[in-house]
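**Q** Make a model of this:
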Amino acid sequence: MRVLVLGWASFLHGEATAGDVAAAEAVAGAAASAGFRCDVAWSPGFRPGELTVAEAARRDYDVVVFACGPLHGAQVREVHRLFPRARRIAVGASVLDWSDPAVTGFHRVLPRDAPGSLPVVDLAAEVGPAEVPVAGIVLAGGQPEYGGRGRHEDVHRVLRSWLAGVACAPVELDTRLDPGSWRHCGTPERFAALVARTDVVVTTRLHGLVFALGAGVPALAVDPVRGGGKVAAQAAAWGWPAVAVAEEVLADGGVLDARWAWCTSADGARRAGELATGVRRAGIAAVLDELRAAAPAVPAPSAGR
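**A** Next comes the predicted model:
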């Protein structure tokens, strides 16, 4: 028996959410493990080169399984037209109206929630986390003070393309503080707490590097200024080796692979941990020395009244 699994991530104009994809993969994995010949259809915008719904419609499937998402709309109704001879089953989906043609076109519906039925645990719960590092991504905006030496746009284009192929869980971090916005941290300490929960930081910002090393988190620091600017200078101040300047990154993307490999190694983690405890207070001590030197002498109290 041949089985086709699809869902909202299969539609050209659908949306590939983590839950929808996880549910489809869970169903396909279970079916394959049970001995069924199973294919999954994907949107070409999500997984180019994989089996599409249009291609699958030209094949002969015994069963079509629609996994997750709401059973509503023209795209779901189209499934019934494309696979008229297959037994069509919907699993782990939301039913808003049992009389909707998108629903009635299925031979069997096993909903996760629907009028008149008890809710069940979503199929995405079958998928566990991957063993990949959580990467905090901290990118700088334009820095006009560097004039023509700034290569921010070019460097960020290379970085974003490179990050798309890296096995990690990326989290975009913004150093801008805004106590009135839930999207931003309200204090530096909260931002530091966020950075501390990552495994590695990729940054073109000086303070992305500083907060990472201050928390003992390895940082792949990229200075977007030709010849190096404040990011490279700060890396030198810390004695941190995982830094690359703009011309290195633009000439050879392999430099990012090398720096990443070291940052995610035991050596990188150990070095970041050592720096977090050894360098942090040096700058503050120097400031206090300057303040003491600049303070006017306080006369000693006179004796008597």
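**Q** Only C-alpha atoms from now on, for both contacts and neighbour counts.
**A** Will do.
**Q** Any regions of the stretch 151-300 of the chain where pLDDT drops low?
**A** Counting by pLDDT under 70, the stretch 151-300 of the chain contains low-confidence residues at 278-282, 297-300.
**Q** how about 90 then?
**A** Along the stretch 151-300 of the chain, the parts satisfying pLDDT under 90 run over 151-152, 252-253, 276-300.
**Q** could you pull out the strands for the stretch 101-250 of the chain?
**A** Listed in chain order, the strands found in the stretch 101-250 of the chain under DSSP state E, counting those that start in this stretch are 108-113, 134-138, 169-172, 200-203, 219-223, 243-245.
**Q** Could you dump these into CSV and include distance to residue 41 and mean neighbour count?
**A** Formatted as CSV, the strands of the stretch 101-250 of the chain follow (distance: least, Cα to Cα, whole Å; neighbours: other Cα atoms under 10 Å):
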stretch, distance to residue 41, mean neighbour count
strand 108-113, 20, 19
strand 134-138, 29, 23
strand 169-172, 24, 15
strand 200-203, 34, 28
strand 219-223, 37, 30
strand 243-245, 41, 22
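**Q** export the ones you listed to a markdown table and tack on distance to residue 182?
**A** Output for the strands of the stretch 101-250 of the chain, formatted as a markdown table (distance: least, Cα to Cα, whole Å):
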| stretch | distance to residue 182 |
| --- | --- |
| strand 108-113 | 30 |
| strand 134-138 | 18 |
| strand 169-172 | 14 |
| strand 200-203 | 22 |
| strand 219-223 | 26 |
| strand 243-245 | 32 |
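**Q** so which of those strands gets nearest residue 3?
**A** Across the strands of the stretch 101-250 of the chain, residue 3 has its closest neighbour in strand 108-113 (14.8 Å, Cα to Cα).
**Q** returning to that earlier point: can you check which of the strands of the stretch 101-250 of the chain gets nearest to residue 84?
**A** Closest of the strands of the stretch 101-250 of the chain to residue 84 is strand 108-113, at 14.2 Å (criterion: Cα to Cα).
**Q** which residues of this protein fall in helices?
**A** In chain order, the chain shows helices spanning 18-33, 53-56, 74-82, 101-104, 152-164, 188-196, 206-214, 230-238, 246-251, 254-263, 266-278, 282-294, with DSSP state H as the criterion.
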